[in-house]
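Peer 1: Predicted model and sequence follow; I will ask about them next.
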Amino acid sequence: MKIALDTSESEEHLAFVRSLGLTDVVCGMPADIDGVVPVEAFERRRDLFSRHELDWGVIENLTSTLYDEIMLGTPERERQLDGVCRTIENVGKAGIPVLQYQWILLGGLRTEYSPTGPSGARYPRFDSEVARHMAAACLDWLGGGRHRYPHVPDRPLSSEEVWANLEWFLKALVPVVESAGVRLAAHPDDAPVPEYLGVARILIDVDSRQCIIDIVPSPNNGIGFCMGDIDMVAAVRFEGGDRPLGDGPLNAAACVTAMAAAGYDGLVRAGTAALLATDDDWNPKGAANDLGYLRAVLQTLDSQG
């Protein structure tokens, strides 16, 4: 396994990554143009990272506005599917091996960065009690204007409908990613609750991840393993937020050890790092703390063979 860090194109962020001795990064998509991200946009960003001696191994995530109509099952989904397919072909041409996507209708659910736990750090949380009284406040795309997620539909969407839309998407898309040499990774629902504002959220447990793989069995059709949202540790995210690694009930060392035992040899990174003292919206201290923890775990595993 190799450790990667999420980054932007900022010179400050890239210098920070290099100062930590890392060689691999995870980064989001360039802006879409008419529903298709051109290969030149991927190549420009890839080459920028390369000049800093960094390898862009995972796109995280496919921009939701490229496929929101597909998730909602509207008549516009055929048009969007063509754009997604052409975008994935461009991902392959640029040589980026993994594309993560989020089948998360309404987007992620958050309340706030709350100071909890003995460290005094601030964690991104989803508080079920806040959600019960102020449901709209938990839609993380409503604040900041940085992201535009799909709108809230004007009717309920059942689990059966959301699954049917995902099946339609994967059956059309997997042959394209196979041809392009790109691997898909589905991110689980965040937070892992079965329904929100009448809209089903389907990727909430281990069985649902297996269903994705079974829809179109292929080495190119996979899942993103998010320790904050998956099976027995889902309660950590739901009640406690993302804590600095080593601070809280999540045994990240045991999870990474299990991944190594299963033969996983890809990238691993801390997800949403906590904001430590003097961190603002960018959290270099939290990221450095998590990096040190992961590095120690991997070195221990190496020493044990």
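Peer 2: Great, that's in hand. Numbering: from 1, shown residues only.
Peer 1: Pretty sure residue 184 sits in a strand.
Peer 2: Yes - applying DSSP: H, G, I helix; E, B strand; the rest coil, one finds residue 184 inside a strand.
Peer 1: Contacts made by stretch 62-82 with the rest, please.
Peer 2: For stretch 62-82, the surrounding residues in contact (CB atoms under 8 Å, 6 or more residues apart in numbering) are 28-29, 32, 35, 37, 83-84, 87, 99-105, 107, 147-150, 153, 157, 161-162, 164-166, 168-169, 172-173. For glycine as for every other residue, the C-beta is placed from the backbone atoms N, C-alpha and C.
Peer 1: go with 7 Å
Peer 2: 29, 32, 35, 83-84, 87, 99, 101-103, 105, 148-150, 153, 161, 165, 169, 172 (CB atoms under 7 Å, 6 or more residues apart in numbering).
Peer 1: could you flag which of those residues are buried?
Peer 2: If you count burial by 16 or more other CB atoms under 10 Å, the buried members of these come out as 29, 32, 35, 83-84, 87, 99, 101-103, 105, 149-150, 153, 161, 165, 169, 172.
Peer 1: Narrow those residues to those in helices?
Peer 2: 83, 84, 87, 161, 165, 169, 172 (DSSP state H).
Peer 1: OK, contacts around the nearest residue to the first one once chain neighbours are set aside?
Peer 2: In other words, residue 83. What sits nearest to residue 83 in space, not counting adjacent residues and going by CB to CB, 6 or more residues apart in numbering, is residue 35, at 3.4 Å. Neighbouring residues of residue 35 by CB under 7 Å, 6+ apart: 66, 80, 83.
Peer 1: one step back: nearest to residue 3, of the ones in helices among the buried ones among the contacts of stretch 62-82?
Peer 2: Nearest to residue 3 among those, counting by CB to CB, is residue 87 at 27.6 Å.
Peer 1: Lowest-scoring secondary structure element of the chain by mean pLDDT?
Peer 2: One helix or strand of the chain scores below all others by mean pLDDT, DSSP states H and E: helix 234-235, with a mean of 36.
Peer 1: Name the next helix or strand downstream of that helix, please.
Peer 2: helix 252-261 (DSSP states H and E).
Peer 1: any residues touching that next one, and which ones?
Peer 2: 1, 227, 245, 268, 293, 297, 301.
Peer 1: Counting neighbours, what do you get for the fourth one?
Peer 2: Translated: residue 268. When counting by other CB atoms under 10 Å, one arrives at 20 neighbours for residue 268.
Peer 1: Tell me if I'm right that it and residue 5 touch.
Peer 2: No - Residue 268 lies out of contact with residue 5 (CB atoms under 7 Å); the separation is 10.7 Å.
Peer 1: if I look at the two, which residues touch both of them?
Peer 2: Residues touching both residue 268 and residue 5 (CB under 7 Å, 6+ apart): none.
Peer 1: Show me which pair in the ones in helices among the buried ones among the contacts of stretch 62-82 is furthest apart.
Peer 2: Farthest pair in these, by CB to CB: 87 and 161, 24.8 Å.
Peer 1: residue ranges with poor pLDDT in the stretch 201-305 of the chain?
Peer 2: 228-250, 271-283 (pLDDT under 70).
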